[in-house]
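A.B. asks: sequence unavailable; structure follows:
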């Protein structure tokens, strides 16, 4: 299965999804003009990945900021991973937030409360 790589921009996060390693990374800001359109290729990739996932799948969320429309798309990604978890793959989410960014820390905690996936909320100096 191919890797999915999308370069980040001032409005969209960098995407690195690697089926071989099972590591999925979103990094940067997520404020696209059309969140549903931006996240569609990620969902499509996950749909294919679901057919033959790595034994362990790690989602590294390294977002500086995301808007409301992105939050729903991110939840959709989590829901898809939640369905996969415990079957052919064990899914773990690493939610990174910058020191003193309480809003992003709380966002990670909110997602952790909504979906049944193991989460690590990780404070870092810089994303």
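C.D. replies: That came through, no problem. Nothing here was measured: the structure is a model prediction, and the numbers come from that model.
A.B. asks: now the closest residue to residue 111 other than its chain neighbours: which helix or strand?
C.D. replies: Spatially, and ignoring its direct neighbours in sequence, residue 111 is nearest to residue 78 (6.0 Å; Cβ to Cβ, 6 or more residues apart in numbering). In short, each C-beta sits where N, CA and C put it, glycine included. Assigned by DSSP states H and E, residue 78 belongs to helix 68-84.
A.B. asks: which strands or helices does that helix pack on?
C.D. replies: Helix 68-84 sits against strand 23-30, helix 35-51, strand 56-66, strand 90-98, helix 102-114, with contacts defined as 3 or more Cβ pairs under 8 Å, 6 or more residues apart in numbering; DSSP states H and E.
A.B. asks: reformat those as a markdown table; add mean neighbour count.
C.D. replies: Below are these laid out as a markdown table (neighbours: other Cβ atoms under 10 Å):
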| stretch | mean neighbour count |
| --- | --- |
| strand 23-30 | 20 |
| helix 35-51 | 16 |
| strand 56-66 | 19 |
| strand 90-98 | 20 |
| helix 102-114 | 15 |
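A.B. asks: contacting residues for residue 64?
C.D. replies: With contacts defined as Cβ atoms under 8 Å, 6 or more residues apart in numbering, the neighbours of residue 64 are 28, 29, 98, 104, 127.
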